[in-house]
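In: sequence plus the predicted model coming up.
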Amino acid sequence: MPTHVVENDPADERGTLLAFLDAQRGGVRRALLGLTEEQAALKPSASELSLGGLLKHTLHAEHGWLAMARNDGPILNFEEAMKQFEQSFTLTEDETVPGLLAEWSELAADLERFIRALPTLEQTFPLPAAPWFPKDTSVSMRWLLLHLIEEMARHAGHADVIRESLDGRTAFELVEEAQGQTG
């Protein structure tokens, strides 16, 4: 990982977990720096993944997990859920990288407000019925944050490989570029 999370307050577990999550989001965001929409749609490796598709998927995944934690998302059957999952990797004509990045920033702020407002990270919510989840299982909000960190880290790694396949730019170069843009 080319960036390090600094723990501002060791007693602030939520802040630390949210900072690690944001660091992993940053890996996906940075992989898109300086690319055109066309470049973001390219699939330059053996994978079927594009950077634009990864961006949309990570946004979709984070939104879905937040909705589950809040218990306010639609209840989908398995076929509907799989269709949404498959569509989450492809941008539609009305979706753009800047638009999705802005939406993701809003979602990240919404997730942070939600997590910080919880009385405890031990609060639970049920996992949906799916073949890959144990039946009748609930998980904590701490588990949610750790799972999102895991999900974003996996896709940040994918994004690194795709970006390097596109133009040879590495995560370290992109971190330096991003830091130059912000000060």
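Out: Done, it's in.
In: when you work out contacts or count neighbours from here on, use the C-alpha atoms and nothing else.
Out: Noted.
In: which residues touch the residue most central in space within the chain?
Out: Within the chain, the residue whose C-alpha comes closest to the C-alpha centroid is Thr58; the distance, by C-alpha atoms, centre = their mean, is 3.7 Å. Counting by C-alpha atoms under 8 Å, 6 or more residues apart in numbering, Thr58 touches 151-152, 155.
In: give me the subset of those lying in helices.
Out: Among those, the members falling in helices (DSSP state H) are 151-152, 155.
In: which one (most neighbours) among those?
Out: Neighbour counts for these peak at Met152, which has 26 neighbours (criterion: other C-alpha atoms under 10 Å).
In: pretty sure it is touching Gln24, no?
Out: Yes. Here Met152 reaches Gln24: they are 5.4 Å apart, a contact under C-alpha atoms under 8 Å.
In: and Pro126, its phi and psi?
Out: phi -80, psi 140 (degrees, to the nearest 10).
In: which one is Met141 nearest to, not counting chain neighbours?
Out: Nearest non-adjacent residue to Met141, counting by C-alpha to C-alpha, 6 or more residues apart in numbering: Leu121, 4.9 Å away.
In: name the SS class of the one you found, please.
Out: On the three-state scheme (DSSP: H, G, I helix; E, B strand; the rest coil), Leu121 is labelled coil.
In: pLDDT weak spots in the protein?
Out: Low-confidence segments of the chain (pLDDT under 70): 1-3, 74-76, 182-183.
In: in it, which spans are helices?
Out: Ranges of helices in the chain, per DSSP H, are 13-31, 37-41, 51-70, 78-87, 97-117, 141-167, 171-182.
In: out of these, flag the one nearest Ala130.
Out: Nearest of these to Ala130, taken as C-alpha to C-alpha: helix 78-87 at 6.9 Å.
In: can you tell me what sits against the closest one?
Out: Applying C-alpha under 8 Å, 6+ apart, the set of residues contacting helix 78-87 from outside is 57, 130.
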